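Visitor: here's my sequence, what's the structure:
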Amino acid sequence: MSVNYEYYRVFYYVAKFHSFTKAANILLNSQPNITRCMNNLEHELGCKLFTRTNRGVSLTPEGDKLYAHVIIACEQIRAGEDELANSKNLQSGILTIGVSETALYGLLLEKLRNFHIDHPGIRIRISNQSTPQAVNALKSGLVDLAVVTTPTGIDKTLQEIPLRTFHEILIGVTCPPKPS
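Guide: Residues are numbered from 1 along each chain as shown. Just a heads-up that it's a prediction; the model follows:
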């Protein structure tokens, strides 16, 4: 059976609101198009899905059976769309960061506090790794981004953005202490 999946979406709204007209308004379509879609769906499935009255429509027993499945599918699709939209808008999700210890304490902790204030729905997962481990984790998709110290030794498949320059210095004793 190769039913047009758009018919199921239309069916969901007609069944939910018990009205072809309300479904048409929600779907930004015309009532005659909604009626045509439902007639086509009933024809393709070989059964009546609605009982039409002057006050709207109600589901037949076959319509109830179909709606029990269609409602799950439509709500799951909507939840998936909402999840994607929220993650694009940084409203929810998980951000996994591979980070060297030097970068974590020298740069990232303060930035993460501010990020959490601005985006409380995003969970942050920190993976403390050496620079080579963090770069490899990024390449293999285990982390979403890496904050590391140089040299990174990355290839052209990754983009490197310098955040801060660290100056490492050598400190030594100029005169050895005299034994007491």
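Visitor: switch to C-alpha atoms for all contacts and neighbour counts from now on
Guide: Noted.
Visitor: what sits up against stretch 47-63?
Guide: With contact meaning C-alpha atoms under 8 Å, 6 or more residues apart in numbering, stretch 47-63 is reached by 15, 18-20, 42, 64.
Visitor: for those, which one is nearest Asn114?
Guide: Checking these against Asn114 by C-alpha to C-alpha gives Ala15 as the nearest, at 46.1 Å.
Visitor: hang on, the earlier thing: quick one: which of the contacts of stretch 47-63 has the most company?
Guide: Using other C-alpha atoms under 10 Å as the neighbour test, those are led by Phe20, with 23 neighbours.
Visitor: so how far is the longest helix along the chain off the chain centroid?
Guide: If you go by DSSP state H, the chain has its longest helix at helix 61-88. Here helix 61-88 is found 16 Å from its chain centre; the criterion is C-alpha atoms, centre = their mean, to the nearest Å.
Visitor: list the buried residues in it.
Guide: Using 16 or more other C-alpha atoms under 10 Å as the test for burial, helix 61-88 gives 63, 66-67, 70-71, 87.
Visitor: need the mean per-residue confidence for that helix.
Guide: Mean per-residue pLDDT for helix 61-88: 87.
Visitor: could you list the buried residues of the helix or strand of the chain with the lowest mean pLDDT?
Guide: Least confident helix or strand, the chain: helix 101-103 with a mean of 79, by mean pLDDT, DSSP states H and E. Across helix 101-103, burial judged by 16+ other C-alpha under 10 Å covers 101-103.
Visitor: out of those residues, which is nearest to Pro179?
Guide: Of all the buried residues of helix 101-103, Thr102 has the smallest distance to Pro179: 35.6 Å, by C-alpha to C-alpha.
Visitor: correct me, but that closest one touches Arg164?
Guide: No. Under the criterion of C-alpha atoms under 8 Å, Thr102 makes no contact with Arg164, lying 11.8 Å away.
Visitor: which residues in this structure form strands?
Guide: 50-53, 56-59, 93-99, 122-128, 145-147 (DSSP state E).
Visitor: let me know the average pLDDT across the third one.
Guide: Right, the one you point to is strand 93-99. Averaging pLDDT along strand 93-99 gives 86.
Visitor: just the shortest one next, same as before
Guide: Mean pLDDT, strand 145-147: 88.
Visitor: start at 288 instead
Guide: Got it, first residue is 288 now, which makes that one strand 432-434.
Visitor: tell me the strands beside that strand, with direction?
Guide: strand 380-386 (parallel) (DSSP bridges).
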